[in-house]
Each structure stands twice: as structure tokens, then as C-alpha cells.
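[1] Pasting the sequence and the predicted coordinates here, then a few questions.
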Amino acid sequence: MDKKLFFEKLEHSPFPVIVDFWAPWCGPCKMVKPILEKLKQEYTGRVDLWQINADDNQELLHELGIYGIPTLLIFDNGKEIQRLVGAKSAGSLKTLFETLATGGNIQPQTGMSGGERFFRIGVGLAIAGIAYTSNSNWFWVARSYSVPSTIAAQSGAP
């Protein structure tokens, strides 16, 4: 989708809009797709879902600052109110659609979930363990401590 057309459609949408940026090769995208399509049908006329192939819309991704997929951008009255990166559960997606459909407030994400913290710590420890047991130089051990912050930067989390 042309970025000019995207912003024009967004500005004139009478409903909240969830924009799903996905790609055919993306495993998490394939996992979430049927859930989103079911919710799209269930909330027709109350919430719009736009599915945009990231591979075919690089200029739009750059304009919106999207660095990973799947990414959901949530817009209300033409303004981005939330950004979700990564696969989300059916329950959390249902709650999102229901909140938007009923005019509820979407709270901006702050901080990380417990699962995200656990994942970041696990990745750092795994790399440190591999470096230590394989007699690698200490660069890799030191690098393991920056992996969690790298993941945070890519996900938009603090």
C-alpha cells in the first residue's frame, strides 16, 4: 500500500484500525493470522483490520518505524495509540478488539511482561554459558550481556 494512500485511508476511517504487518515466511505471523481473520469477521463494522505484507511495503515500514514482524499498530481517530510486536495470544487479541469495539481505553504498554524478562535473561545466560564452556574468548561472554538490551531496542520495550 502506498504510504500516502495508507495515511489518507487512516484519516477517514470511521472505526478504530488495527494494522497487521506480516510476511508469508514469518512463522509467528502464520500462527496469528487465523485468529486475526476470525476477529476481523466478528468485529466487522466496529473495528477495521488491515493486513499489510511487509515484504511488499518496505517504504511504509520505514515510515512507521517497524523493525520486526508481526507488528500490530493500533490507531484510533487517525492516531497511533499502541504498538504490539510479536505474536500475541488469542485471548489478548480478543480483548484488544473488544476494547476498541466498545470504546474502551487502550493503555500504552509500559515495561516488559514477565515472559519477556524471562526470555531476555535466558538468552543472555545461554550465550554466556556457551561462551564459557566452549573456551571462547571473553568478548562473547561480555556480548551476552548486551543481547537483552538489543532485543529490547528491537521490540520497542524499555
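    Done, it's in.

[2] What are the contacting residues of stretch 63-78?
    3, 10-11, 13, 16-23, 26, 28-29, 32, 54, 80-88, 96, 100, 106, 154-155 (C-beta atoms under 8 Å, 6 or more residues apart in numbering). No exception for glycine: its C-beta is placed from N, CA and C like everyone else's.

[3] how about a cut-off of 6 Å?
    3, 10-11, 16-23, 26, 28-29, 32, 54, 80-85, 154 (C-beta atoms under 6 Å, 6 or more residues apart in numbering).

[4] hmm, which of the residues you listed are the buried ones?
    For the contacts of stretch 63-78, a burial check counting by 16 or more other C-beta atoms under 10 Å picks out 10, 16-22, 26, 29, 32, 54, 82-85.

[5] Just flag the most distant two among these.
    P16 and C26 (24.1 Å; C-beta to C-beta).

[6] count of neighbours near L49?
    When neighbours are counted by other C-beta atoms under 10 Å, L49 registers 19.

[7] Specify the beta-bridge partners of it.
    Beta-bridge partners for L49, by DSSP bridges, are I18.

[8] Strands - which of the buried ones among the contacts of stretch 63-78 land there?
    Among those, the residues falling in strands (DSSP state E) are V17, I18, V19, D20, F21, W22, Q82, R83, L84, V85.

[9] Show me where the chain has its strands.
    For the chain, the strands defined by DSSP E cover 17-22, 48-53, 71-76, 79-85.
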